[in-house]
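Colleague: One predicted model, sequence on top.
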Amino acid sequence: MSWPRRFDEPIELPDGRKLKTVAEAIAYLAETVPKAERKHPTVKIAADHLKRAAEQNYPMTFARMATLQAIHRHHNREFNPDRKDTDWGKRKLKRDQ
């Protein structure tokens, strides 16, 4: 088993710490996720991906993404109407001018 296997890019936590290895990610999830939420789908998936990354040479990218989703499991993305609009529709071809 390679629990000290490193992520390609460390996971930055809201408190400023960084998770650099699979073992650190498992320990962080174990200490921060309450027992009542351990059966939450994103937490279970993250634990599975981290275990596979350590034991079966599974891609670290998937383990990292699943860990990020488990950490931010209560964060809801909101639509921001004040965001800058893109200019995709304003381009015209030379032949149409």
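Modeller: Structure received. Numbering: from 1, shown residues only.

Colleague: From now on I want contacts and neighbour counts done on CA atoms only, so please keep to that.
Modeller: Noted.

Colleague: buried stuff in stretch 50-64?
Modeller: Neighbour counts using 16 or more other C-alpha atoms under 10 Å place 50, 51, 52, 53, 54, 60, 63, 64 of stretch 50-64 among the buried residues.

Colleague: Can you report phi and psi for the fourth one?
Modeller: Phi and psi for residue 53, reported as degrees, to the nearest 10, are phi -60, psi -40.

Colleague: Mind jotting down where the helices sit in this protein?
Modeller: 22-32, 41-55, 60-71 (DSSP state H).

Colleague: so which of those comes closest to residue 12?
Modeller: Each of the helices of the chain was checked against residue 12 via C-alpha to C-alpha, and the shortest separation belongs to helix 60-71, namely 9.2 Å.

Colleague: Adjacent strands (with direction) for the longest strand belonging to the chain?
Modeller: Residue-count comparison of every strand in the chain, with assignments taken from DSSP state E, identifies strand 6-12 as the longest. Pairing partners of strand 6-12, with direction, according to DSSP bridges: strand 18-21 (antiparallel).

Colleague: Low-confidence stretches in this structure?
Modeller: 1, 85-91, 97 (pLDDT under 70).

Colleague: Next up, the contacts around the most centrally placed residue in the chain.
Modeller: Here the mean C-alpha position of the chain is nearest to the C-alpha of residue 68 (C-alpha atoms, centre = their mean), at a distance of 2.5 Å. The contact partners of residue 68, by C-alpha atoms under 8 Å, 6 or more residues apart in numbering, come to residue 11.

Colleague: Closest one of the buried residues of stretch 50-64 to residue 13?
Modeller: residue 64 (12.5 Å).

Colleague: what number of residues lie near the closest residue in space to residue 37 that isn't next to it in sequence?
Modeller: Computed as C-alpha to C-alpha, 6 or more residues apart in numbering, the closest residue to residue 37 that is not its neighbour in sequence is residue 43, at 7.8 Å. Using other C-alpha atoms under 10 Å, the number of residues around residue 43 comes to 22.
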